[in-house]
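[1] Need coordinates for the following:
(chains A, B, C and D)
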Protein chains: 2
Amino acid sequence: MKRKPSTEATSAWIRLMRVQSRVLDCVEQDLKKAGFPPLAWYDALLELSRAPSGELRPVELERQMLIPQYSTSRLIDRLVDEGLALRRECKIDKRGQFVEITEAGRELQKRMWGAYSAAIEKYVGSKLSDADAVKLSGLLDRLGCSCGEMKLPVTSESTPLR
Amino acid sequence: MKRKPSTEATSAWIRLMRVQSRVLDCVEQDLKKAGFPPLAWYDALLELSRAPSGELRPVELERQMLIPQYSTSRLIDRLVDEGLALRRECKIDKRGQFVEITEAGRELQKRMWGAYSAAIEKYVGSKLSDADAVKLSGLLDRLGCSCGEMKLPVTSESTPLR
DNA sequence: TCAAGATTGATGCAGGTGCATCAAGTGCGC
DNA sequence: GCGCACTTGATGCACCTGCATCAATCTTGA
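    Coordinates of the predicted model:
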């Protein structure tokens, strides 16, 4: 058996697991109560809306969102079913396709950001000073480093972040 | 629409979500590769093994683990199917029952701790000084407070934590 | 004591996820 | 130009989860 973690590390691990799941639960619950779909839909719509012409290859979306391929494929199915996105053929690579966000998709994304940002403020922002939020981000980044980097959200005045 | 979160808060939120899911994924993956069942089984076995006579009411387990009732019910089903626990009738309350950990259950819990603790060290302990781990715990606790408190793991030399 | 309500635990159903695998298309090396 | 490995995306299957609901039992209050 390998070296054991310190009690401090173990304690941080436990809190990371518990707090994240609680906070995520709260946020998802608020969104659901407001009649919105799950957060994953928001993430996908945001990625699409940010893309140059509102379209991405599924494989790009997959890399942005860090979810497995089959998961992306099915998420797109659902978005398309709801008229939030549509599949377009990709002429340069006939295996592939483009997924394009629709007007309805863009609108839903914006409306969701209202509820989503309020939830972030309620469950995170209001609990932490900005300085502490920065400290927390820094510590978390140290844990994430080994699994690849994290996209920094480019923030302009009212641009939704991810 | 309500007040918007600062970019610092939003950034912390994003990292909390991403880092947790990455790290959890890594740990679960390591456990799976070592041939062990999911972490939830470990948590349940640990709670049971810590209980006074190795048995708990499902409703207690549910409260300890912070998972929904139906989830507890089915987790117990699986543990029982695998011979890691057994259901005993509860004489004082005929609606209820006791779930008792078996010898096999205790053993699996101990064996899992070997792999589990190694994973914690690998993905958390080795990335953070003890002092930073304490800081991280503190910041996370501030977020968790609104959702109820967290059990502090009582640590003695080689006692598994949760 | 008895009815109304709360608590305990199980379960049918719809849907989501992970895994393995497949088919189609691309592109590289020879 | 051909074959072989790789990439892209979809899907069948098993299992897991959330939701709603149920039956059984306990508790409370009049």
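
[2] Name the nearest residue to A:Ala9, ignoring sequence neighbours.
    Spatial nearest neighbour of A:Ala9, excluding adjacent residues (C-beta to C-beta, 6 or more residues apart in numbering or on different chains): B:Gly125 at 3.5 Å. Placement of C-beta: from N, CA and C, glycine included.

[3] so that neighbour touches A:Arg142, yeah?
    No - the criterion here is C-beta atoms under 8 Å, and B:Gly125 misses it with A:Arg142 at 11.8 Å.

[4] Looking at the two now, which is surrounded by more residues?
    Legend: neighbour count by other C-beta atoms under 10 Å in any protein chain shown for B:Gly125 and A:Arg142, higher for B:Gly125 (24 against 16).

[5] Show me where chain A has its helices.
    A:7-33, A:39-50, A:58-65, A:69-81, A:103-123, A:130-144 (DSSP state H).

[6] quick one: the fourth one near chain B?
    This means helix A:69-81. No - shown here: helix A:69-81 not in contact with chain B (C-beta under 8 Å from any C-beta of the partner chain), separated by at least 12.4 Å.

[7] Show me what that helix is packed up against.
    Helices and strands touching helix A:69-81, by 3 or more C-beta pairs under 8 Å, 6 or more residues apart in numbering or on different chains; DSSP states H and E, are helix A:39-50, helix A:58-65, strand A:85-89, strand A:97-101.

[8] Just the buried positions in the longest one, please.
    For helix A:39-50, burial by neighbour count (16 or more other C-beta atoms under 10 Å in any protein chain shown) applies to A:39-48, A:50.

[9] between those, which is closest to chain B?
    Distances from chain B to these, taken as C-beta to the nearest C-beta, are shortest for A:Leu39 (8.5 Å).

[10] who's in contact with the closest one?
    A:24, A:27-28, A:31, A:116 (C-beta atoms under 8 Å, 6 or more residues apart in numbering or on different chains).

[11] quick one: A:Ile92 and A:Phe98, what's the gap?
    10 Å (C-beta to C-beta, to the nearest Å).

[12] re earlier: for the helices and strands packed on helix A:69-81, give me TSV that also has distance to DNA strand D and mean pLDDT.
    Shown next, in TSV, are the helices and strands packed on helix A:69-81 (distance: least, C-beta to the nearest atom of the strand, whole Å; pLDDT from 0 to 100):
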stretch	distance to DNA strand D	mean pLDDT
helix A:39-50	13	94
helix A:58-65	3	92
strand A:85-89	6	92
strand A:97-101	5	95
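
[13] which one of those lies closest to B:Ala104?
    B:Ala104 sits nearest to helix A:39-50 of all those, at 38.0 Å, using C-beta to C-beta.
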